[in-house]
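In: sequence and predicted model, in that order:
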Amino acid sequence: MSAQSEGNYAEALQNYYEAMRLEIDSYDRSFILYNIGLIHTSNGEHTKALEYYFRALERNPILPQAFNNMAVICHYVRLSRL
């Protein structure tokens with residue numbers, strides 16, 4: 001997560017993809033997917049971010065952070081279309 005907190009999103013994504021390859025626990029994978037969604041959100045890639053938040057919720061239906069971020073993206077996209 002240090003790469004992500006330092007703004008090195010490319011390295012962070014590589015680390016998360018590697019973590020997804022290694023992690024077998026569905027609950028833990030949900031947080032990895034959530035963090036990938038965060039990076040895509042930070043990069044303005046809203047469609048990709050929503051995809052990863054949905055994938056996180058499939059593995060952990062009680063992940064309020066993912067619901068919140070999805071709502072923020074939908075609100076942002078709606079406002080940008082006005």
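Out: Perfect, thanks for sending it.
In: which element is the residue most central in space within the chain on?
Out: When the chain is reduced to its mean C-alpha position, the nearest residue by Cα atoms, centre = their mean turns out to be Gly37, at 1.5 Å. Element membership for Gly37 (DSSP states H and E) is helix 26-42.
In: for that helix, packing partners?
Out: Helix 26-42 sits against helix 2-5, helix 9-22, helix 46-59, helix 64-80, with contacts defined as 3 or more Cβ pairs under 8 Å, 6 or more residues apart in numbering; DSSP states H and E. No exception for glycine: its C-beta is placed from N, CA and C like everyone else's.
In: name the helices or strands packed onto the worst-scoring helix or strand of the chain on mean pLDDT?
Out: The helix or strand of the chain with the lowest confidence, counting by mean pLDDT, DSSP states H and E, is helix 2-5 at a mean of 80. Using 3+ Cβ pairs under 8 Å, 6+ apart as the contact test, the elements touching helix 2-5 are helix 9-22, helix 26-42.
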